[in-house]
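**Q** No letters, just coordinates:
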């Protein structure tokens, strides 16, 4: 292992998760959310994999991500994709968005007016998505701006409206009444845009027992994270394995790590692993999380350091303890969601904080960027 840890990314599992969601929500289509560099796994690799499965809708958060993606894949390879910028456009970025050929999500009257002005300046209609706020109070037109837009349809002049969307706040909790409330509000707004395709559901929404409109935006579920409470139907996409760097024996009463927050209550074997919070293991895992060695749970002893953790390996068979011995951090014994729970966070945060020092292994081999693009 380079740097003492290996991150394995199973692209076939990613593809299988896409197919599972696609088959579940059909006839709705599925958009792949690849913001934050494909949730930390590499947006280009993720897009190639999804596109090979027939996915033609891709979501990023900010325009810079779209620019990087088009630059990496190439403009020709992206011609068959609709790439949406979920956070919309900051003032002054409209020209770049139009030149890239990506589609902004318009979240305010100001963004609508600026995009309409860009269309007028270019002398042609420009595609866009309109987002309305149905109760999350984050992105999208609030009620007063929506009312003004509905009273003044000329504000959309020059805009080719491709989708009407909103976003669920509590989809990972299927029984939360907020889901029905937002569904009802969205349907009410949708009636005012009768010819525009609709998108409301995220990963959690894809597993709600109801129809899914025209497009589902799948994020964490694609990457193997649980889309809702309960059993996780998704295949794991990543595995994280480190190696023991050093072993030592300490007497009862000895402290370990910064602040000596761990005190041995017996003669204890300690293994130092060269992975820390700079690599994406949250500091909150100190004295809470664990690694697994030879099928045995080895608790983290003491605080997580920038470049290392220390494990209590007293109960691990001696023949499994040696410098270079493998340590499972995410894998069959400890899922992504379990590690996140131990850290007091969510799988999204673990994924997007994965560090650069891991040796990254893609399974299967990376696909040709152009193999899925049949656009003339």
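**A** Okay, I see it. Computed from a prediction, not measured in an experiment: that's the story for all the values here.

**Q** use CA for all of it now, contacts and neighbours both
**A** OK.

**Q** neighbours around the closest residue to residue 107 other than its chain neighbours, how many?
**A** Nearest residue to residue 107 in three dimensions, chain neighbours excluded: residue 140, at 4.1 Å (CA to CA, 6 or more residues apart in numbering). Residue 140 is flanked by 26 other residues according to other CA atoms under 10 Å.

**Q** same deal with residue 259?
**A** Look at residue 259: counted by other CA under 10 Å, it has 9 neighbours.

**Q** What's the per-residue pLDDT of it here?
**A** Here, the pLDDT recorded for residue 259 equals 97.

**Q** cool, and residue 369?
**A** 38.

**Q** Also residue 210?
**A** 88.

**Q** What of residue 4?
**A** Looking at residue 4, the pLDDT reads 78.

**Q** picking up where we left off before, contacts only, for the residue nearest to residue 107.
**A** By CA atoms under 8 Å, 6 or more residues apart in numbering, the residues touching residue 140 are 106-108, 130-133, 166.

**Q** now residue 284
**A** Applying CA under 8 Å, 6+ apart, one finds that residue 284 lies in contact with 303-304, 343-344.

**Q** Could you list the buried residues of stretch 297-308?
**A** Residues of stretch 297-308 classed as buried: 297-306, 308 (neighbour count, 16 or more other CA atoms under 10 Å).

**Q** Can you name the residues in contact with it?
**A** With CA under 8 Å, 6+ apart as the criterion, stretch 297-308 contacts 256-262, 272-279, 281-292, 309-313, 315-316.

**Q** Start and end of that stretch, how far apart?
**A** Stretch 297-308 stretches 18 Å from its first residue to its last (CA to CA, to the nearest Å).

**Q** Show me how far it is from its chain's centre.
**A** Distance of stretch 297-308 from the chain centroid (CA atoms, centre = their mean, to the nearest Å) equals 25 Å.

**Q** Report the mean confidence score over it.
**A** 98.

**Q** ditto for stretch 39-49
**A** If you average the pLDDT over stretch 39-49, you get 96.

**Q** Can you point out the buried residues in it?
**A** Quick answer for stretch 39-49 (16+ other CA under 10 Å): 39-41, 43-49.

**Q** Go through the contacts of residue 284 and name the one nearest residue 190.
**A** Proximity of these to residue 190 (CA to CA) peaks at residue 344, which lies at 37.7 Å.

**Q** Which pLDDT value belongs to the spatially closest residue to that closest one that is not a sequence neighbour?
**A** Excluding its sequence neighbours, the residue lying closest to residue 344 (CA to CA, 6+ apart) is residue 284, at 7.2 Å. The per-residue pLDDT reported for residue 284 equals 98.

**Q** separation between residue 284 and residue 46?
**A** Distance from residue 284 to residue 46, counting by CA to CA: 29 Å.

**Q** on that earlier part again, need the buried residues of stretch 297-308 in a markdown table (columns: distance to residue 195).
**A** Converted to a markdown table, these look like this (distance: CA to CA, whole Å):
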| residue | distance to residue 195 |
| --- | --- |
| 297 | 56 |
| 298 | 57 |
| 299 | 56 |
| 300 | 56 |
| 301 | 59 |
| 302 | 59 |
| 303 | 56 |
| 304 | 54 |
| 305 | 55 |
| 306 | 53 |
| 308 | 56 |
